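> below is the sequence, then the predicted model.
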Amino acid sequence: MLNRLSTKEPKEGYMDSYKIITNTTADLPAEYIRENDLGLIYFNYIMDGISYGKDKELDWKEFYRLMREEGKMPTTSQVNPQQYREYFTEFLKENKNLLYLSFSSGLSGSCQNAVLAAEELMEENGECRIIVVDSKCASMGEGLFVHKALQMQREGKSMKETADLLRALVPHLLMSWYEARRYTVFSKSTSPISVAPFTRIKALYGISDNNTPCSAYAGET
């Protein structure tokens with residue numbers, strides 16, 4: 001279970017102040033996000049003809065009930081460059097240094113949109129720094145990626161050091177998705193992928209060198 005990370009005094013003059021930002025695709029509990037002062041970017045989705053996101057959320061029990069009992073399937077949309085600009089601009093009011101841990105570029109074009117928005121804002125404001133790190137992961141894997149970033153920040157690592165170390169970890173990440181009856185349901189905020197057509201099948205997935213999902217293991221749980 002992920003809890004609030006303990007605060008550790010950084011080495012004097014070693015750590016620059018920066019804010020870590022994640023997405024709803026990381027499936028982190030609201031309490032965890034609040035306690036660790038994480039920035040959160042919402043990926044909107046449509047379920048049964050209704051749009052949900054930052055201003056309107058669907059209870060997770062109802063979300064899975066609609067899928068399981070009524071066969072409803074969610075659809076998602078990318079966060080576009082303008083939306084990223086708006087999010088980053090708000091976060092820059094809190095801190096001029098932002099470390100954004102993006103949802104996998106192998107599953108969405110949103111990561112590139114974030115890069116574009118970050119570059120534009122840094123050109124307009126030379127005092128701010130925005131680093132975008134492609135997690136090449138989703139759901140639990142992405143959440144653990146965020147948790148690791150927070151640990152590094154608490155240990156006193158600078159934003160650049162944390163970003164470099166995270167990028168080095170990316171090739172070693174795997175995503176674990178579990179079959180739930182007909183579909184593999186791995187996130188409320190990303191479209192389900194049917195990777196295991198039989199009940200009680202567990203699939204471990206990673207991202208290949210060309211940025212596409214690839215199967216690493218599949219077997220009974």
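The structure has been received and is ready for your questions. Numbers count the residues shown, from 1 in each chain.
> assign a three-state SS to L40, would you?
strand (DSSP: H, G, I helix; E, B strand; the rest coil).
> enumerate every residue touching it.
I21, T22, N23, T24, I33 (Cβ atoms under 8 Å, 6 or more residues apart in numbering). For the C-beta atoms, the positions are set from N, CA and C on the backbone; glycine is no exception.
> can you confirm the second one is in a helix?
No - the assignment for T22, made by three-state DSSP, is strand rather than a helix.
> that one contacts E142, doesn't it?
Yes - at 7.4 Å, T22 counts as touching E142 under the criterion of Cβ atoms under 8 Å.
> what sits in contact with each of those two?
By Cβ under 8 Å, 6+ apart, the residues touching both T22 and E142 are L101.
> quick one on the thing from earlier: from the contacts of L40, which is closest to G109?
N23 (13.7 Å; Cβ to Cβ).
> okay, and the beta partners of that closest one?
Beta-bridge partners recorded for N23 (DSSP bridges): I41.
> and if you look at I130?
L98.
> dump the residue contacts of it.
F88, N97, L98, Y100, A118, L121, M122.
> repeat that for V146.
Contacts of V146 (Cβ under 8 Å, 6+ apart): I20, T22, A26, L28, L38, L101.
> quick one, strands of this structure?
19-23, 39-41, 45-47, 50-52, 75-76, 97-102, 129-134, 175-180, 183-184, 201-207, 213-220 (DSSP state E).
> lowest average confidence across those, which one?
Mean pLDDT is lowest for strand 183-184 out of the strands of the chain, coming in at a mean of 40.
> where does this structure have low pLDDT?
Applying pLDDT under 70 to the chain flags residues 1-15, 174-221.
> that one: helices as residue ranges?
30-35, 60-70, 81-92, 110-124, 139-154, 159-169 (DSSP state H).
> how about the third one: buried residues?
The neighbour-count check on helix 81-92 (16 or more other Cβ atoms under 10 Å) flags P81, Q83, Y84, R85, Y87, F88, F91, L92 as buried.
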